[in-house]
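Visitor: Coordinates only, no sequence provided:
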């Protein structure tokens, strides 16, 4: 009897020790993974400082790591305080790298620093980036984008260039692998394809990040699709989805994805349908009549659409003349609404496109 009891106690102690060790190992791996992720995000921020004038980059390098890992934008404006957006808030940066909301304490940006930064961004060859500059931005290695403010010069064929640069907006691209996994089941049709889907979001609420990750999953193959991958054609008019740099996507957009970079949506849709036979065409920030025409071209060819648009509610969309017809004709079967109430990319609601009722 005593031997049996002793054996049981010994077994319980061994199992307790095992589970204790397992718990500690899992906790260590979780903490380590979190630390690695934080270092990666800080590294992304510090890499973009290579494109900023030396004095400004020294100041920006001093800001606390807890802000570095979440910086979305670095804004340089001639004669104004150095400005960053982090954690859904904007701050001015002091000369010592402290963050403040008092504009008087912010470190002022001068003209020379803007010129030096623009030279670094354009690799000292403005001519090589003329086409991008006409569109108001330059794409950097890593998929980051630099918006340009200044004097716009027109010629016979429209905008020719931007001179007298007065402001630069360094938009830091942060890839979020897996952020859309919980959405896949809502956009998959039973016929092993997807519903035509529109992602609706105010600015800086994660719609491009969500769309990019959906493209990756659909292209690689999802268990919700029986493991089958789909051919995805991406019209990346603003070079944000794939972040193409010298012909190479800077983001993971999947194995079966083809990209038309810098192409308008109407031309891009026709080109993809004619030459690439996509199952899905993905496009970011629709809104114009030409964009609506592009969607109709895809639908006529039996190609599915997944797109994004600025907005907060269905009423916002109906108020846009160019989009009203798409909504009234019930073209989209899924509307995914995002906000940043619980962080960037928060899913506020998913609406079924025929009845306009929530399905979550």
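Guide: Cool, got the structure. Everything numeric here is computed off the predicted structure, so don't read it as measured data.

Visitor: got any ranges where the protein has weak pLDDT?
Guide: Residues of the chain meeting the criterion pLDDT under 70: 1-10, 12-15, 18-20, 22-37.

Visitor: Report the beta-bridge partners for residue 77.
Guide: Under the criterion DSSP bridges, residue 77 forms beta bridges with residue 167.

Visitor: Cross-check the contact I'm expecting between it and residue 166.
Guide: Yes: if you go by Cβ atoms under 8 Å, residue 77 and residue 166 touch, sitting 7.0 Å apart. To be clear about C-beta, it is placed using only N, CA and C from the backbone, and glycine gets the same treatment.

Visitor: Now do the shared contacts for those two.
Guide: Among the neighbours of residue 77, those also in contact with residue 166 (Cβ atoms under 8 Å, 6 or more residues apart in numbering) are residue 149.

Visitor: give me every residue that touches the residue most central in space within the chain.
Guide: Residue closest to the average C-alpha location in the chain (Cα atoms, centre = their mean): residue 209, at 3.1 Å. Each residue near residue 209 by Cβ under 8 Å, 6+ apart is listed here: 174-176, 179, 344-345.

Visitor: ok, residue 252 to residue 286 distance?
Guide: To residue 286, residue 252 is 23 Å away according to Cβ to Cβ, to the nearest Å.

Visitor: Looking at the two, which one has more neighbours?
Guide: Taking neighbours as other Cβ atoms under 10 Å, residue 252 and residue 286 compare with residue 286 leading, 23 against 16.

Visitor: quick one on the thing from earlier: from the contacts of residue 209, list just the buried residues.
Guide: The neighbour-count criterion (16 or more other Cβ atoms under 10 Å) marks 174-175, 179, 344-345 among the contacts of residue 209 as buried.

Visitor: Neighbours of residue 320, how many?
Guide: By the criterion of other Cβ under 10 Å, residue 320 has 17 neighbours.

Visitor: What of residue 275?
Guide: There are 11 residues near residue 275, going by other Cβ under 10 Å.

Visitor: For it, give me phi and psi.
Guide: Here is the backbone geometry of residue 275 (degrees, to the nearest 10): phi -110, psi -30.

Visitor: For residue 119, see how far away it is.
Guide: From residue 275 across to residue 119, the span is 38 Å (Cβ to Cβ).

Visitor: Is the closest residue to residue 83 other than its chain neighbours within a helix or a strand, and which one?
Guide: Here the nearest residue to residue 83 in space, its sequence neighbours aside, is residue 75; by Cβ to Cβ, 6 or more residues apart in numbering that works out to 4.1 Å. Element membership for residue 75 (DSSP states H and E) is strand 71-77.

Visitor: Would you mark the buried spots in that strand?
Guide: Of the residues in strand 71-77, those buried (16+ other Cβ under 10 Å) are 71-72, 74-77.

Visitor: quick one: which of those is nearest residue 238?
Guide: Of all these, residue 72 has the smallest distance to residue 238: 16.0 Å, by Cβ to Cβ.

Visitor: gap between the two ends of stretch 105-125?
Guide: 35 Å (Cα to Cα, to the nearest Å).

Visitor: ok, and what's touching stretch 152-169?
Guide: Applying Cβ under 8 Å, 6+ apart, the contact partners of stretch 152-169 are 73-78, 114-115, 117-118, 121, 130, 133-134, 136, 146-151.

Visitor: can you give me how far that stretch is from the chain middle?
Guide: 26 Å (Cα atoms, centre = their mean, to the nearest Å).

Visitor: can you check stretch 110-118 too?
Guide: Distance, stretch centre to chain centre, for stretch 110-118: 27 Å (Cα atoms, centre = their mean).

Visitor: Same check on stretch 197-211?
Guide: Offset of stretch 197-211 from its chain centre (Cα atoms, centre = their mean): 8 Å.

Visitor: what's the domain layout of this structure?
Guide: The chain breaks down by automatic domain parsing into domains covering 47-171, 184-352.

Visitor: which one of these is the most hemmed in?
Guide: Ranked by average neighbour count under the criterion mean count of other Cβ atoms under 10 Å, those are headed by domain 184-352 at a mean of 19.

Visitor: Any idea how far apart the tips of it sit?
Guide: Domain 184-352: ends 14 Å apart by Cα to Cα.

Visitor: And residue 171, its phi and psi?
Guide: The phi/psi pair for residue 171 (degrees, to the nearest 10) is phi -90, psi 120.

Visitor: Would you confirm that it contacts residue 147?
Guide: Yes: counting by Cβ under 8 Å, residue 147 is a contact partner of residue 171 at 6.6 Å.

Visitor: picking up where we left off before, quick one: the residue nearest to the centre of the chain from residue 79, how far?
Guide: 33 Å.
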